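J.: Let's see this in three dimensions:
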Amino acid sequence: MEIDSEVSISLEQDAAAVRNAVAAARTGLVERELIAELVALCAVAGEHLLVIGAPGTAKSEAVRRVAGSYFEYLLGRFTEPNEVFGPVDLRRLRDGVVEIETTGMLPEADVAFLDEVFLGSTAILNTLLGILNERVFRRGRTAVASPLRVCVGAANTLPDDPALAAFADRFLARLFVEPVPDARLEELLEAGWRLPHVVREEPANLMDAVDRLATAARRCQMSSVQPLIGTAIRRLRAAGIHLSDRRAVRVQRLVAAAAVLDGRCFASAADLWVLPLIVPTADTQAAAREVLVDLVEKAGNHSLAYAAEEFSRGAQARAGRLAETGRALLNELDDTPPDRDLRLRVEATLREIDAWFATTDLTEPLRSVRASLAAAVSV
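T.: Residues are numbered from 1 along each chain as shown. Got it, this is the predicted structure:
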């Protein structure tokens, strides 16, 4: 029992480290909180994320903020493999040996972001497959173990080419993003104006915490949710949403990662909000939420509050996200007297709480947060 207690404490500490890093990364991102949270989820799961959205929607900025050793590249039809994986080592080439100098390139990155990923050549995509699947880079006599935790591929649309669709299937999680809605344009303008002047530091040992959580996720107790996952896959297939056996099996990695990021070594119904993530298109993801509504209604996650709410659309997840937002505002209120901007954000959060929940329906954490926020703005 003592060992279990120590494991739980260590797990919560690592989850808190990632939670704090994600919270810092979300700061100033308007309608892009999901990207930062899903990068963390996929890094712990050891899976990859595909983000589909129009150019100029802050996809790379959101990924960059949660990265350790980071590699980013915009692929094109004429991009050469050495631009992504590294050039041939000319000193070794003189001896007749083809080796690749990978320093600072994708094979040595913790997190990679590849924009317009489907425009890569066959040579690039085939080499990339080895890294995505096996975490090994092979070219010539070079065979390098890659520390890559997560690769984020971005594109404007999903590919029509069946060969590219097979490559896209290696990205287990999918997120579809839209431009920031008109109602939040002023917030976007203000955040964008401040962005170049914001200095952020990577939290110390963040990747170590991610790796420990990844190890915990591989040992996560899944027996209680496997019947629910089976039910979900059958429902999705019955609704005409095709999922390969590989995706059905690997979604368990996302479920386990969600559990450990919530500070638990066992999965529960609260973690099933990840299920719509593996559905291939925006339309079928929306359909999946409807099909699975009763299975994901108890969803929630302390570390990934925005994602849990978005993919479950459940009251419990919404209460968790609003409580998390309120606690962040209270931390700001402790650090500085409330200026007009901070007061407006507090009032907006109070309005959202009251719009979604009757007083009698408030969870205890949300009730406490609401009372503190109300007291702060009444001064």
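J.: what's downstream of the worst-scoring helix or strand of the chain on mean pLDDT, the next helix or strand?
T.: Within the chain, confidence by mean pLDDT, DSSP states H and E is lowest for helix 185-194 among all helices and strands, at a mean of 67. Counting by DSSP states H and E, the next helix or strand C-terminal to helix 185-194 is helix 206-218.
J.: Return the set of buried residues in that next one.
T.: Leu206, Met207, Ala209, Val210, Asp211, Arg212, Leu213, Ala214, Ala216, Ala217 (16 or more other C-beta atoms under 10 Å). Every C-beta, even on glycine, is put in place using the N, C-alpha and C of the backbone.
J.: and the gap between Val291 and Ala232?
T.: 8 Å (C-beta to C-beta, to the nearest Å).
J.: The two - which one has more neighbours?
T.: It is Ala232, of Val291 and Ala232, that has more neighbours when counted by other C-beta atoms under 10 Å, with 22 against 19.
J.: Which pLDDT value goes with that one?
T.: For Ala232, the model assigns a pLDDT of 95.
J.: how about the helices of the stretch 201-350 of the chain, start to end?
T.: Applying DSSP state H, counting those that start in this stretch to the stretch 201-350 of the chain gives helices spanning 206-218, 226-238, 245-261, 282-291, 293-296, 305-312, 315-335, 340-356.
J.: Could you say which of those helices is packed most deeply?
T.: helix 305-312 (a mean of 26; mean count of other C-beta atoms under 10 Å).
J.: check contacts around His302.
T.: Ala15, Arg19, Leu261, Asp262, Gly263, Gly320, Glu324 (C-beta atoms under 8 Å, 6 or more residues apart in numbering).
J.: and it, how far is that from Val18?
T.: 11 Å.
J.: any shared contact partners between these two?
T.: Listed as contacting both His302 and Val18 by C-beta under 8 Å, 6+ apart are Leu261.
J.: before we move on, back to that, from the buried residues of helix 206-218, which is closest to Thr363?
T.: Distance to Thr363, by C-beta to C-beta, is smallest for Leu213 among the buried residues of helix 206-218, at 25.6 Å.
J.: From Val260, how far off is that closest one?
T.: With distances taken as C-beta to C-beta, Leu213 is found 5 Å from Val260.
J.: got any residues that touch both of those two?
T.: With C-beta under 8 Å, 6+ apart as the test, Leu213 and Val260 both reach Leu11, Ala15, Val44.
J.: Among those, which one has the most neighbours?
T.: Ranking these using other C-beta under 10 Å puts Val44 first, with 31 neighbours.
J.: Now that one: which helix or strand?
T.: helix 33-45.
J.: ok, the following helix or strand past that helix: who's next to it in the sheet?
T.: Next along the chain after helix 33-45, taking DSSP H and E as the criterion, comes strand 49-52. Here strand 49-52 has these sheet partners by DSSP bridges: strand 150-155 (parallel), strand 173-176 (parallel).
J.: Next, the angle helix 33-45 makes with the longest one.
T.: With axes from the mean of the first three to the mean of the last three C-alpha atoms, to 10 degrees as the criterion, the two stretches strand 150-155 and helix 33-45 enclose an angle of 140 degrees.
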